[in-house]
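Trainee: I would like to see how this sequence folds:
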Amino acid sequence: MVCKLSFCLAQEEQKLIIDTSQKEEKQIVGENQLKEYRSQKDFNYIEEEQDISWWQNFKRWLNDIYHSILEFLFGDLENVGGIFKWFIANLPYIILGFVILFVIWLFIKLNPAKDKSYRQQAAEVILSEEDKIITQEDIPALINSALSEKNYRLAFRYYYLLIIKNLKNSSIIDYRQEKTNHDYLDELVKTDFYTDFKVLTNWYDYIWYGNFELNQFQYQNLEVRLESLKNKITKKQAS
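Mentor: Residues are numbered from 1 along each chain as shown. Model (predicted):
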């Protein structure tokens, strides 16, 4: 029995597997190597604190005020949901959009270059229209048509242009399309027509360019002066 046990143990010993692999030796890092690693940028894991700019502080201040106002008006914003929550979240951008649109509108509205260009174009249209009336239209017929419609403002305009046409036909003024009524007034300074034409020109500027409406009584008073000046021009032309 003892022999059998000894024999079995001998066989088990023969079956043992011998580990022939080499053991890894632990590398010990010295203090000098640690200092070298610490000095390298890749091994620096300390987060640097960045300075906060005045603009970031300003935005934070505005954001705090904005949320304080919303919480004062609507209470705890965490309990707000749905479309109203979306509206509150995007309200600053909506306000900013309206501000930008207002600035653009204000710039267009107050742009002096645009206003000057618009006035120049409007003046050119008016001058072109007046030139067409003076040179091509039957002005007495236009006056009668305006009076029949009780449009005394338009009737006065046509009568004033008839005066300019008569001054042109009588060679009293040097008529040109690009000239203004005040240019013709300067040409009449040394004539007998100056005073009447000056008064009528001032009234024309006020009534036509100033969009002042005339009633029948006012037109009849101006018509007396218009008729008087027209008769003076006719006499000059006949002499």
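Trainee: And the longest helix anywhere in the chain, what does it pack against?
Mentor: Secondary structure of the chain per DSSP state H: the longest helix is helix 82-110. When contacts are defined as 3 or more C-beta pairs under 8 Å, 6 or more residues apart in numbering; DSSP states H and E, helix 82-110 packs onto helix 54-74. Every C-beta, even on glycine, is put in place using the N, C-alpha and C of the backbone.
Trainee: helices or strands up against the helix it packs on?
Mentor: helix 82-110.
Trainee: The helix it packs on versus helix 54-74: what angle between them?
Mentor: Calculated by axes from the mean of the first three to the mean of the last three C-alpha atoms, to 10 degrees, helix 82-110 forms an angle of 120 degrees with helix 54-74.
Trainee: mean confidence for helix 82-110?
Mentor: Averaging pLDDT along helix 82-110 yields 76.
Trainee: do stretch 147-162 as well
Mentor: For stretch 147-162, the mean pLDDT works out to 96.
Trainee: May I see the buried residues of the helix or strand encompassing residue 182?
Mentor: In this assignment (DSSP states H and E), residue 182 forms part of helix 181-187. Buried positions in helix 181-187, judged by neighbour count with 16 or more other C-beta atoms under 10 Å: 181, 184-185, 187.
Trainee: CA atoms only: put that helix into CSV for me.
Mentor: Presented in CSV, the C-alpha positions along helix 181-187 are these (Å, rounded to 0.1, in the frame of the first residue of the first chain):
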residue,chain,number,x,y,z
ASN,A,181,-39.6,129.7,-60.8
HIS,A,182,-37.2,131.7,-58.6
ASP,A,183,-34.8,131.8,-61.5
TYR,A,184,-37.4,133.5,-63.6
LEU,A,185,-38.1,135.8,-60.6
ASP,A,186,-34.4,136.9,-60.7
GLU,A,187,-34.8,137.7,-64.4
